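> Pasting the sequence and the predicted model now:
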Amino acid sequence: MHRVVIMLAFAGLAFGQPVQYLESKKIFLLTTRQNSYAFGVGNDGALRHLYWGAPLWRADDLSAPAPRRDVSSFDPRQMMEAEEFPGWGGPRYYEPALKITRDDGGRDLVLRYASHRIEGNELTVNLRDINDAIEVSLIYRVYPEYGIVRRHAIIHNSTQHNLTIESAQSAVWNLPAGEGYQLTYVSGRWAAEDQLHHEPIYEGQKVLESRKGHTSHNFNPWFMIDAGDAGEEHGAVWFGALAWSGNWRITVEQTPYRQVRVTGGMNSFDFAYPLKPGDSLETPAFYGGYAASGFGSASRMLHRFERDEILPGGASSRLRPVLYNSWEATTFNVNEAGQKELADKAAKLGVELFVMDDGWFGARNNDRAGLGDWVVNPQKFPQGLKGLIDHVNSLGMDFGLWVEPEMVNANSDLYRKHPDWVINFPGRPRSELRNQMILNLAREDVKQYIFGVLDKLASEYNIRYFKWDMNRSFSEPGWPEAGAADERKLWVGYVRNLYDIIDRLRAKHPKLEIESCSGGGGRVDLGILRRVDEVWPSDNTEAFDRLRIQEGFTYAYTPKVMSAWVTDVPNMNGRAVSLSYRFLVMMQGALGIGANLNKFSEQDTATATRMVATYKRIRATVQTGDLYRLLSPRGDDVTASQYVAGDGRQSVLFAFRHAQQYQTAVPAIRLRGLDEKAVYKIEPVNGRPAPGQQQQYSGAYLMNNGLNLGLRGDYDATAVILERQ
Ligand code: DGJ
């Protein structure tokens, strides 16, 4: 109902068509419910950015890009013009969107408007170099309901000569002229991903990137920028997220001329992509948006968009099941009897998907052998996997299996047979991180082989879910068979073939679901999210650490895909928090359990069973509702998040106390997103209402006065379900 109203409001709207072209001024205006984006063709044929901000409804208000003058011989006009997609050519010294070298060594590239086409919500603008037929199509897709514009470019060599691309970016996002902007982004490392930063943007460049072949734990490919005045629920926020799981780069740049620009796409580091006459290169999608009401509203826009438009199956994809994963309980020591025992216990807790992790194949008893040999280990599983899978299915659970298809150990049959399949520089030392090497997926034979292995497993067994792991970064990225000129195509070819394998697998096995894991959060981005149902944000499952990881994660990604396991204590940092604290942390995403169930006491089992049942009651709200980050784990000693169901009937508040001091009471937590006029029934999840807590409150009271939760001591946690009456 809600959706229909929005659609009608949009259809009859004052904003006009999502894509408008004003011929008289040569201006393109892209409009969604939440924002507008405009650019135009200058008299010289260059594309110049005009506007990015709150919705505009009248293209006529905009003027053709004004001609600028050189300020000095050191400050040419090109540096003051906000170009939409600048080639590296002429006197341009900022980060280019495209840089090429022609066969004859010529490197100047000045792009001019050639033509355009509008088809529904999609605009294609074709550019061409001033001298030769190097062509670029800029593609803009508008998602009117979601406030998102998708941009990417296709670079086409229509000349008679070879050329090499040295930098291929997807888009340049120009912010309104000014200074004082702040950048929000995440950085991290293995087991400490998604640490959030807000910092001023100064003149010069700030580079967020991966040179590691995969998305990486160190930075994640999204940005948010505000004018220095935004908070969680107020202030304008411009944002973007790149859909690429290989080497990527986002350059945030403040020029000396009061311009902030964000250029993003494939990383130009070690990049060389030859294009023969007739060849093309397509850059990854770079999604962007503008939110009027703070970081929270920007995140909610991204979450909705991802759920409906990015994830496989979109809005009709199922809610994520509660899963059990055996890794932290057994590591490599898996066998049929042990897994069956865990499955029996998991089923009793209400688990719906049982995933067997590493160690089930080849000679894989530790991380030194067997990787690449995807045959069931006969000692561990004498009847193959069927016995275990049938057992899991008979308990009413689906079965999932861990795989790491891109890798080999040197000690494996696959490596002995195909030593040439691994990425390497011949004659040079080879780094074997975690004792493993990377198969060169850019090779057609390797791609076919990996598809074949996974297809066979999915065809032979009733496997509902692959946990697709990737446990090391690239190094020595050689591809000798490709030849010197083409060898660096590996950076792009690898990712494209990875995507292709998953796409084909999913097409052939429509019920198959996939989790993206790369030693935790090393492969989380909108490119892989088009193809997977869940991601593993971090190998760090320590509940208190997770609060910050989950906060950073939800800036860009929906809680629906945020796999979160309850594991044993003491965990990382030697910390031991209660089982209900661990559950409440993990119930804020796609709940899983990774604890050793053989060690559960009766009381643990009772707590876990109750928490899983509660999670099932609230999971639609958590996974598909609106998230409000009320109190940040980076701030005080209380963290609080609230989820509001799409239809507004249910809301859930989670709150965590870190370390009480001086007997200080937790202040009332003010909720958001409720109906002021409605009355809500309050139900504490852990059966512990705060002193004096009533059973019902109005939305107005909950949002303006707030709710007292009575959290005390160290690592106390609670959650409250609110049902609209
Ligand atoms: C790294 C993953 O992040 C873990 O969850 C586990 O699957 C191990 N790999 C297995 O080797």
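Thanks, I have it. Every value quoted in this text rests on a predicted model; they were computed, and no experiment measured them. Residues are numbered from 1 along each chain as shown.
> secondary structure class for G400?
strand (DSSP: H, G, I helix; E, B strand; the rest coil).
> For it, list each beta-bridge partner.
Beta-bridge partners recorded for G400 (DSSP bridges): V355, Y465.
> And it, how far from the ligand?
11 Å (C-beta to the nearest ligand atom, to the nearest Å). No exception for glycine: its C-beta is placed from N, CA and C like everyone else's.
> Outside of the longest helix anywhere in the chain itself, which residues are in contact with it?
Longest helix of the chain, by residue count under DSSP state H: helix 602-624. By C-beta atoms under 8 Å, 6 or more residues apart in numbering, the surrounding residues in contact with helix 602-624 are 307, 319-320, 322, 345, 348-351, 558-560, 566, 579-580, 583-584, 587-591, 593, 600, 643-646, 650-652, 685, 721.
> likewise stretch 589-596?
Residues contacting stretch 589-596 (C-beta under 8 Å, 6+ apart): 320, 322-330, 346, 349, 351, 534, 537, 541, 550, 559-568, 583, 586, 608, 612, 615, 619, 622-623.
> rerun that using 7 Å as the cut-off
320, 322-325, 327-329, 346, 349, 351, 534, 541, 550, 559-568, 608, 615, 623 (C-beta atoms under 7 Å, 6 or more residues apart in numbering).
> now, which of the residues you listed lie within helices?
Short answer: the contacts of stretch 589-596 in helices (DSSP H) are W327, E328, A329, A346, L349, Q550, A608, Y615, Q623.
> Give me the ChimeraX select line for the contacts of stretch 589-596, limited to the buried ones.
Buried residues within the contacts of stretch 589-596, by 16 or more other C-beta atoms under 10 Å, are selected in ChimeraX with:
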select :320,322,323,324,325,327,328,329,346,349,351,534,541,550,559,560,561,562,563,564,565,566,567,568,608,615,623
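> Near the ligand, list only the ones from the contacts of stretch 589-596.
Near the ligand, judged by C-beta under 6 Å from any ligand atom, the entries from the contacts of stretch 589-596 are W327.
> Return the residues of this protein in contact with the ligand.
So far as C-beta under 6 Å from any ligand atom goes, the chain lies against the ligand at W327, D357, D358, W402, D469, N471, C517, G519, G520, W536, D539.
> and with 5 Å instead?
W327, D357, D358, D469, C517, G519, D539 (C-beta under 5 Å from any ligand atom).
> now the first one, nearest residue through space, not along the chain?
Counting by C-beta to C-beta, 6 or more residues apart in numbering, the nearest residue to W327 once its immediate chain neighbours are dropped is D357, at 3.7 Å.
> Next: the last one.
The spatial neighbour of D539 that comes closest, neighbours along the chain excluded (C-beta to C-beta, 6+ apart), is G520 at 3.9 Å.
> Verify the contact between the one you found and A191 for me.
Yes. Under the criterion of C-beta atoms under 7 Å, G520 makes contact with A191 at 6.2 Å.
> quick one: average confidence on the strand or helix carrying G265?
Using DSSP states H and E, the element containing G265 is strand 260-266. On average, the pLDDT along strand 260-266 is 98.
> Indicate each strand paired with that strand and its parallel or antiparallel sense.
strand 163-174 (antiparallel), strand 248-254 (antiparallel).
> Please report the distance of the closest residue to V172 other than its chain neighbours from the ligand.
Taking C-beta to C-beta, 6+ apart, and ignoring the residues beside it in sequence, V172 has T263 as its nearest neighbour in space, at 4.8 Å. From T263 over to the ligand the distance is 32 Å, taken as C-beta to the nearest ligand atom.
> Over to I502?
18 Å.
> ok, so what distance separates the closest residue in space to that residue that isn't next to it in sequence from Y287?
In space, and not counting its chain neighbours, I502 is closest to R531: 4.4 Å by C-beta to C-beta, 6+ apart. Distance from R531 to Y287, counting by C-beta to C-beta, to the nearest Å: 16 Å.
> of those two, who's got more company?
Y287 (26 against 21; other C-beta atoms under 10 Å).
> Need the pLDDT of whichever residue of the stretch 251-400 of the chain sits closest to the ligand.
Nearest residue of the stretch 251-400 of the chain to the ligand (C-beta to the nearest ligand atom) works out as D358 at 3.6 Å. Note on D358: pLDDT of 98.
> ok, the residue lying closest to it once chain neighbours are set aside - contacts?
Leaving aside its sequence neighbours, D358 sits nearest to W402 (C-beta to C-beta, 6+ apart; 5.3 Å). Each residue near W402 by C-beta under 7 Å, 6+ apart is listed here: V355, M356, D357, D358, K467, D469.
> List every C-alpha atom in the longest helix of the chain, with coordinates, as CSV.
Provided in CSV are the C-alpha atoms of helix 602-624 (Å, rounded to 0.1, in the frame of the first residue of the first chain):
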residue,chain,number,x,y,z
GLU,A,602,20.8,-26.5,29.6
GLN,A,603,20.4,-22.9,30.4
ASP,A,604,22.4,-21.8,27.3
THR,A,605,20.1,-24.1,25.2
ALA,A,606,17.0,-22.5,26.8
THR,A,607,18.4,-18.9,26.2
ALA,A,608,19.4,-19.7,22.6
THR,A,609,16.0,-21.4,21.8
ARG,A,610,14.1,-18.4,23.2
MET,A,611,16.3,-15.9,21.4
VAL,A,612,16.0,-17.7,18.0
ALA,A,613,12.2,-17.8,18.4
THR,A,614,12.2,-14.1,19.3
TYR,A,615,14.4,-13.3,16.3
LYS,A,616,12.0,-15.1,14.0
ARG,A,617,9.2,-12.8,15.3
ILE,A,618,11.3,-9.6,14.5
ARG,A,619,13.4,-10.7,11.6
ALA,A,620,11.2,-9.1,8.9
THR,A,621,11.5,-5.8,10.8
VAL,A,622,15.3,-6.2,11.2
GLN,A,623,16.0,-7.4,7.7
THR,A,624,13.6,-5.3,5.7
